[in-house]
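> Turn this into a structure:
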Amino acid sequence: MKENTEYNTLSVDITGMTCDHCAVSIEKRFEGMQGIVNKKVTYGKNKGEFTYDSSNITKQEIIDIINATKKYRVAGGMANESGKNHFDLIIIGGGSAAFSAAIKAEELGISTLMVNAGLPFGGTCVNVGCVPSKTLIRAAEAAYHASHSNFAGIKPKGTDIDFARVIKDKKQLVAALQQKKYIDVVEDFENLNMIEGWAEFVDHKTLLVNGKDTYTTLKFIIATGATTNVPEIEGLKEIGYLTNESLFDLEEKPESITIMGAGYIGLEIAMAYNRLGVKVRIIEFTDRVLRTQTPDISEELETHMKNEGIEILPNFRAVKFERKDNDTIIHCQCPDGSTTQLIERGKIVVASGTKPNTQKLGLHSIGLQLTKSGHVLVNEKMETNLSNIYAVGDVTNTPAFVYTAAYEGKIAVENAFTGAEKKTDYTSLPWVVFTDPQVAGAGLDEAQAKAQNIPFEISKLSLSDVPRALAANDTRGFIKLIRNAESDKLVGARIVASEGGELIQQLSMAIKYGITVKELAGNFYPYLTLSEGIKLAAITFGKDISKLSCCAS
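Here you go, the predicted structure:
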């Protein structure tokens, strides 16, 4: 406590409590809150008594915290006196994490303001990420299979690609889903206000929007997402590069593209546009594609991409860009240290990772802690180092997927306003890279298991040992299982297969619920499905499947 400080006291009647746990839940809302010196909520008396420092928190703010959900209310009709620009919750951002938070806030009766800038409401996924990219990937698959066959007796005659129509149809789908799955969902919300504008913190309770309007709140949720990390390379900004935000709207098909980066975004773009008739080159400054995965996955994927005519240049580092007539000259350092010049007659696409949208929020002025990469540092409860500020989605140091962002948005609201103290758990998180073959995973790979000192064993099954793959004449890829050698429980899985994303969910569930490899091997799997490969990979831990008949175990 401060010396020689006089504290104020507040005694209120609280309605809606039904047990001692309710009283505890109300008290938890004030834990660690600046200005709260002491708190005591009693169920039997329906009373709340608070000692507080009025220089840090006001009487009205204490009342607003209690009134923030429908369940508990301060008796006597004491309303919010802070004016029309005060809300229980302000969400900064307008993507899936923000909308998930807004939906939960509406369920709890919390007055909410959503402030969005940059991309339209709906954020990255629906506007420039998942929806447009997967639509183009599927369109490209249709074009590819119209001119390629796995069977000698089937001779495709090719296809006529109307590239502009493909892009226009994509735009229509994006607009429809943006309206249907985002705007329409919240249209009838009674407690939600939505505005467009750039937000900046004035202090830990006040937000300035577009440099003129201020808003105050009890709690903040930062959900501003991430954007392409454009490297500082001489001449790059002057040559008119594209990112996924601008590439997916380009209705005139480029003759060729050079993609900077071989992460999942760059690889998905490369495969889709190559199959749509664009000549594709990838420049990657590390030694292989999909560097976050183990080398066997990189090698498998790189082989198939090269077989389709995609040029991949690992260990190449672009150091300068310049325009010459209609061409772009890319000056590169080669793997041996020498330099070379690459000519790109089409477009340069930057896909060199992402960076969190934290630069313009004024976070340093309020002392919000960031990671070295600029992400907002949060714990498993989505809490920051400031008690009334939470952060969710791609702006944080958590897995960057649309479904994890939505999961975090919901948890943040519950923890902020109900004292739920829920924690995120990503030990069995499934994910997919939508190349062809797809790459999918859940849990740990062998490098991660080793780093965590887990005694592990690996089973790796080629798809050439899976009857379904043989029947489809498509044996690209493998199924890899990682088990705890002592408990036999599955701790991780990696799949490279044409529809690997459709297989990974059952392995994620096996990890989540502690299923053993023996149980996986003993389960029933329909014959001539790819899922049977999971059974065979599990059996491979103890048997040579080449010595088993079909369906045997």
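
> Surely residue 54 touches residue 9?
No: taking C-beta atoms under 8 Å as the definition, residue 54 is not a contact partner of residue 9, at 10.6 Å. All C-beta atoms are positioned from the backbone trio N, CA, C, and that covers glycine.

> so residue 39 sits in a helix?
No: assigned with DSSP: H, G, I helix; E, B strand; the rest coil, residue 39 falls outside any helix and is strand.

> which ones are touching residue 432?
438, 439, 440, 500, 501, 504 (C-beta atoms under 8 Å, 6 or more residues apart in numbering).

> In helices only, show me these.
Among the contacts of residue 432, the members falling in helices (DSSP state H) are residue 504.

> which one among the contacts of residue 432 gets closest to residue 349?
For those, the minimum distance to residue 349 (C-beta to C-beta) is 20.3 Å, reached by residue 439.

> care to break the chain down by domain?
Listed domain ranges for the chain are 8-79, 87-227+356-418, 236-351, 430-547 (source: automatic domain parsing).

> distance between the ends of the third one?
As for domain 236-351, its first-to-last residue distance stands at 13 Å under the measure C-alpha to C-alpha, to the nearest Å.

> Over that domain, what's the mean pLDDT, rounded is fine.
Throughout domain 236-351, pLDDT has a mean value of 97.

> Do you have the strands of the stretch 151-300 of the chain handy? List them.
192-196, 199-203, 206-209, 213-222, 226-228, 256-260, 279-284 (DSSP state E, counting those that start in this stretch).

> could you give me the average pLDDT of the shortest one?
Pointing back at strand 226-228 there. Across strand 226-228, the average pLDDT comes to 96.

> Correct me if wrong: residue 352 contacts residue 232.
No: with contact defined as C-beta under 8 Å, residue 352 does not count as touching residue 232 (11.0 Å).

> The stretch 251-400 of the chain: helices as residue ranges?
Along the stretch 251-400 of the chain, counting by DSSP state H, counting those that start in this stretch, helices occupy 264-275, 295-307, 363-366.

> And the ones you listed: which comes nearest residue 153?
Residue 153 sits nearest to helix 295-307 of all the helices of the stretch 251-400 of the chain, at 21.2 Å, using C-beta to C-beta.

> Next, the buried residues of that closest one.
Using 16 or more other C-beta atoms under 10 Å as the test for burial, helix 295-307 gives 297, 298, 300, 301, 302, 304, 305.

> any idea of the angle it forms with strand 279-284?
150 degrees (axes from the mean of the first three to the mean of the last three C-alpha atoms, to 10 degrees).

> Need the residues that contact helix 295-307.
267, 270-271, 288-291, 312, 435-437, 439, 460, 476-478, 480, 494, 496.

> Inside strands: which ones of the contacts of residue 432?
Within the contacts of residue 432, residues falling in strands by DSSP state E are 438, 439, 440.

> Give me the pLDDT value at the second one.
The predicted local confidence for residue 439 comes out at a pLDDT of 98.

> Look up the residues forming beta bridges with it.
residue 433, residue 496 (DSSP bridges).

> let's number from 517 now, not from 1
Taking 517 as the first residue, the last one we looked at is residue 955.

> In this structure it contacts residue 1014, no?
No: in this structure residue 955 lies outside contact range of residue 1014 using C-beta under 8 Å: 11.2 Å.

> out of those two, which sits in the busier spot?
Comparing residue 955 with residue 1014 by other C-beta atoms under 10 Å, the one with more neighbours is residue 955, at 25 against 19.

> List the neighbouring strands of the lowest-mean-pLDDT helix or strand in the chain plus their orientation.
Scoring the helices and strands of the chain by mean pLDDT, DSSP states H and E places strand 589-590 at the bottom, with a mean of 81. Partners of strand 589-590 in the sheet, by DSSP bridges, are strand 524-531 (antiparallel).

> Now the element after the partner strand, going C-ward?
helix 536-544 (DSSP states H and E).

> Let me see the contact set for the most centrally placed residue in the chain.
Of all residues in the chain, the one closest to the mean position by C-alpha atoms, centre = their mean is residue 917, 1.8 Å from it. Shown in contact with residue 917 (C-beta under 8 Å, 6+ apart): 945, 947.
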